[in-house]
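Asker: Sequence and computational prediction follow.
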Amino acid sequence: MLLGLLTLLAGIGQKTIWAPSETFTASVPSDAATAPLTVIDQKLRTLHGGTVKIDVAGDGNFLLAVGRPGDVAAWVGQTRHNVIDGVSEDGTSLQVQTVDGEATAPSPAGSDLWTSTEKASGSLEYTWTPPADGEWSLLLASDGTQPAPGSLSMTFPNDMSTPWAVPLMILGAVVVLIGVVLMVLGRHGARRRPAGSDASTAPGDAATDAQTETGSGTAPRLTMAVATLAALVVVGSGTAAYAATPAPTDSPSAEPAAQAEAPVLLDAQFRRILEQVASATEAGDAAKDASKLTPRVAGTELEVRTQNYKIRSQVGTYEARVPVRAEELLTTAVTTDPTWPRSVMAVSKGEGNVVPQLLTFVQESPRDNYMLMATTLLQPGSTLPTLGTDGVGTQAADDSSGLAYSAKDALNALSDRLSNPDSTLKDKVVEGGSSPYIADTLSYQADTVTTGAQATYVFSHALKTETVQVFRTADGGALALGRLDFTLDGTPKEPGDKLTIGDDAAVLAGGKETTTGMVLTSAETVAVFIPPAGSTDPVKVVAATRGLVGASFK
């Protein structure tokens, strides 16, 4: 009974006084090397399951950023950094590896790669929760030139399993019960045996007594054996069940397939980017100041708006560029390709947008932010094709894999249609009945020739191949976007003939009249739908707009 009670108490003790603590904390060693950046490996978040808490202390301001492991590694690049990638066997220290490299880096604050950032001064308490499925690493830094905070600890869920607790309690109860039964049987046997019975026992009774003695002797020995085994189990398991700390594991990270196929931006990330782009364009438009655009606008859109501001500063009636809005995000196409440059397309609408606007963005390198490269207006009556549901892949402009035409060929066909009224590609490139961009362009060119009889005009719409972006659609087709340079080249027919240009072009050309000739250039941003391979459908114009970017005299 005593041994049973001890076994029972041992089981209860494993659930109470000997139970492991709920958490354990590991810290960066005090002698760890310093570096401007510290990367906390994604595997630490799931190393012990449950929620991980991080405490950081440092001098001055610093930040903790969350990003996909590949994005964090790409941003860090060749900069010297520390990597926290494990926990010591005794669970008290974090394992830190130092990777040598460049002494400084730009500040990681404001990078589009981060799903979120925590800014702090002096200290930070952070609960590490993933922003979405997949793998997520952390980046700790000051300003990229000063050492990242060196005082860091991580609190992990502890292994609180006590596999022997319940078995010991059951075993102890059974042994106690056996002891009680044996005690009762022992007292009962003593009452049945009279004094001096050994001498007067009949032969038959002797056999019975012998059996009784044998049985009553076996049970205590069995009980002692069981109890002794229980005691050994207590000794052997008590230490194992106390504050057990699982060793670090190098097992592969979970969900590798999901990580590889994930879009490079979360929805919240892109909305943040779009809001910043909209704010930059609104500020630039209001002030007619292109310098306010440069943090978020580049390429064709920066060129068009810069020239628009220049003209509007002198011609009050000149129409402003359509504003970029973030209020209503209708759809996005985010690449799943983790390499750079990365492309994103979006359709948004808001105040000042009569029709939805297609926006294209490019991130040139990990340390660059996404820049608005072009905007174009969805043509009235046009329907944007449904984009893929599992992330939208992109492909090169001259790649026709799975398509009736490559993007380059489709846009060059549109170029020919716009340049030549009698183009042989009329049946290959079409537009909606309520969105006659091609028809309007051809009409404008014809009117120019009619009203300018004293000059010879040449019109061209040349594709700038480097601007082409291609996004696959759910039906196997693709949406191709790019820039055409619309050039109007005018030359007087007779010496002394004068050509007059409009007030808007005059601002860029530096005058209104010329006797030598003139060249006007507009940037046309267009989008066409390319049907999948095997389809007999034509290429269809879904979005188009233009803006004057150049005017000069010969």
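Answerer: Arrived safely, thanks for sending.

Asker: now the nearest residue to residue 116 once chain neighbours are set aside: how far from residue 138?
Answerer: In space, and not counting its chain neighbours, residue 116 is closest to residue 66: 5.0 Å by Cβ to Cβ, 6 or more residues apart in numbering. (C-beta placed from N, C-alpha, C; glycine too.) Between residue 66 and residue 138 the computed distance is 6 Å (Cβ to Cβ, to the nearest Å).

Asker: What confidence value was assigned to residue 260?
Answerer: Predicted confidence (pLDDT) for residue 260: 48.

Asker: for residue 382, that is, sorry about that
Answerer: The predicted local confidence for residue 382 is 85.

Asker: can you confirm it is in a strand?
Answerer: No: if the criterion is DSSP: H, G, I helix; E, B strand; the rest coil, then residue 382 is coil and not within a strand.

Asker: pretty sure it contacts residue 544?
Answerer: No: Residue 382 is not in contact with residue 544 according to Cβ atoms under 8 Å; the separation is 9.6 Å.

Asker: In terms of neighbours, single out the busier of those two.
Answerer: residue 544 (25 against 22; other Cβ atoms under 10 Å).

Asker: Packing partners of whichever strand or helix holds that one?
Answerer: According to DSSP states H and E, residue 544 maps onto strand 539-553. Judged by 3 or more Cβ pairs under 8 Å, 6 or more residues apart in numbering; DSSP states H and E, strand 539-553 is in contact with helix 299-312, strand 371-377, helix 407-419, strand 429-431, helix 437-451, strand 478-492, helix 503-509, strand 518-530.

Asker: Tabulate these (JSON lines), appending distance to residue 131 and mean pLDDT.
Answerer: Shown next, in JSON lines, are those (distance: least, Cβ to Cβ, whole Å; pLDDT from 0 to 100):
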{"stretch": "helix 299-312", "distance to residue 131": "29", "mean pLDDT": "98"}
{"stretch": "strand 371-377", "distance to residue 131": "23", "mean pLDDT": "97"}
{"stretch": "helix 407-419", "distance to residue 131": "33", "mean pLDDT": "97"}
{"stretch": "strand 429-431", "distance to residue 131": "42", "mean pLDDT": "94"}
{"stretch": "helix 437-451", "distance to residue 131": "41", "mean pLDDT": "95"}
{"stretch": "strand 478-492", "distance to residue 131": "28", "mean pLDDT": "97"}
{"stretch": "helix 503-509", "distance to residue 131": "46", "mean pLDDT": "98"}
{"stretch": "strand 518-530", "distance to residue 131": "31", "mean pLDDT": "97"}
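
Asker: Include distance to residue 71 when you put those into JSON lines, please.
Answerer: As requested, the helices and strands packed on strand 539-553 are arranged in JSON lines below (distance: least, Cβ to Cβ, whole Å):
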{"stretch": "helix 299-312", "distance to residue 71": "23"}
{"stretch": "strand 371-377", "distance to residue 71": "17"}
{"stretch": "helix 407-419", "distance to residue 71": "27"}
{"stretch": "strand 429-431", "distance to residue 71": "39"}
{"stretch": "helix 437-451", "distance to residue 71": "39"}
{"stretch": "strand 478-492", "distance to residue 71": "25"}
{"stretch": "helix 503-509", "distance to residue 71": "41"}
{"stretch": "strand 518-530", "distance to residue 71": "28"}
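
Asker: Tell me the spacing between the residue lying closest to residue 309 once chain neighbours are set aside and residue 315.
Answerer: In this structure, residue 309 finds its nearest non-sequential neighbour in residue 288, 4.0 Å apart by Cβ to Cβ, 6+ apart. Distance of residue 288 to residue 315, given as Cβ to Cβ: 12 Å.

Asker: what's the nearest residue to residue 157 if we skip its chain neighbours?
Answerer: Nearest non-adjacent residue to residue 157 (Cβ to Cβ, 6+ apart): residue 50, at 3.4 Å.

Asker: and what of residue 485?
Answerer: That would be residue 462: by Cβ to Cβ, 6+ apart, it lies 4.9 Å from residue 485.

Asker: residue contacts, residue 149?
Answerer: Residues near residue 149 by Cβ atoms under 8 Å, 6 or more residues apart in numbering: 38, 56-59, 62, 140, 142.

Asker: Could you give me the ChimeraX syntax to select whichever of those residues are buried?
Answerer: What follows is the ChimeraX syntax for the buried subset of these, where burial is set by 16 or more other Cβ atoms under 10 Å:
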select :38,56,58,62,140,142
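
Asker: of the contacts of residue 149, closest to residue 488?
Answerer: Distance to residue 488 across the contacts of residue 149 (Cβ to Cβ) is lowest for residue 142, with 54.6 Å.

Asker: I'd say the closest one and residue 58 touch.
Answerer: Yes: using Cβ under 8 Å, residue 142 is in contact with residue 58, at 7.1 Å.

Asker: Name the residues contacting each of these two.
Answerer: Here residue 142 and residue 58 have 148-149 as joint contacts, going by Cβ under 8 Å, 6+ apart.

Asker: Tell me the confidence at residue 251?
Answerer: Confidence at residue 251, expressed as pLDDT, is 36.

Asker: And the one 3 residues further on, by the same measure?
Answerer: In the prediction, the pLDDT value recorded for residue 254 is 35.

Asker: list the contacts for the closest residue to residue 548 other than its chain neighbours?
Answerer: Once flanking residues are discounted, residue 548 sits nearest to residue 522: 5.1 Å by Cβ to Cβ, 6+ apart. Contact analysis of residue 522 by Cβ under 8 Å, 6+ apart lists 485-486, 546-549.

Asker: Residue 457 too?
Answerer: Contacts of residue 457 (Cβ under 8 Å, 6+ apart): 445, 448-449, 488-490.

Asker: which among those end up buried?
Answerer: Buried among the contacts of residue 457 by 16+ other Cβ under 10 Å: 445, 488-490.

Asker: Would you mind measuring from the residue nearest to residue 430 when sequence neighbours are not counted to residue 410?
Answerer: Counting by Cβ to Cβ, 6+ apart, residue 430 lies nearest to residue 538, which is 4.8 Å off, once chain neighbours are set aside. Per Cβ to Cβ, residue 538 is found 10 Å from residue 410.

Asker: Who has more neighbours out of those two?
Answerer: residue 410 (29 against 21).

Asker: ok, the more buried one touching residue 480?
Answerer: Yes: counting by Cβ under 8 Å, residue 410 does reach residue 480; the two are 5.6 Å apart.

Asker: Give me the common contacts of these two.
Answerer: 528, 530.

Asker: I figured residue 264 was touching residue 341, is that so?
Answerer: No: under the criterion of Cβ under 8 Å, residue 264 makes no contact with residue 341, lying 11.0 Å away.

Asker: ok, the two, which is more surrounded?
Answerer: Between residue 264 and residue 341, counted using other Cβ under 10 Å, the more crowded position is residue 264 (23 against 14).

Asker: Whichever strand in the chain runs longest vs strand 371-377, what angle?
Answerer: Using DSSP state E, we find that the single longest strand of the chain is strand 455-472. Between strand 455-472 and strand 371-377, the angle comes out at 110 degrees (axes from the mean of the first three to the mean of the last three Cα atoms, to 10 degrees).

Asker: Buried residues of strand 455-472, list them for me.
Answerer: By neighbour count on 16+ other Cβ under 10 Å, the buried set for strand 455-472 is 455, 459, 461, 463, 467-472.

Asker: what does stretch 338-347 give?
Answerer: Buried, per 16+ other Cβ under 10 Å, within stretch 338-347: 342-347.

Asker: Identify the farthest-apart pair in the buried residues of strand 455-472.
Answerer: It's 455 and 472 that sit farthest apart of those, by Cβ to Cβ, at 44.8 Å.

Asker: Right, I'll leave it there.
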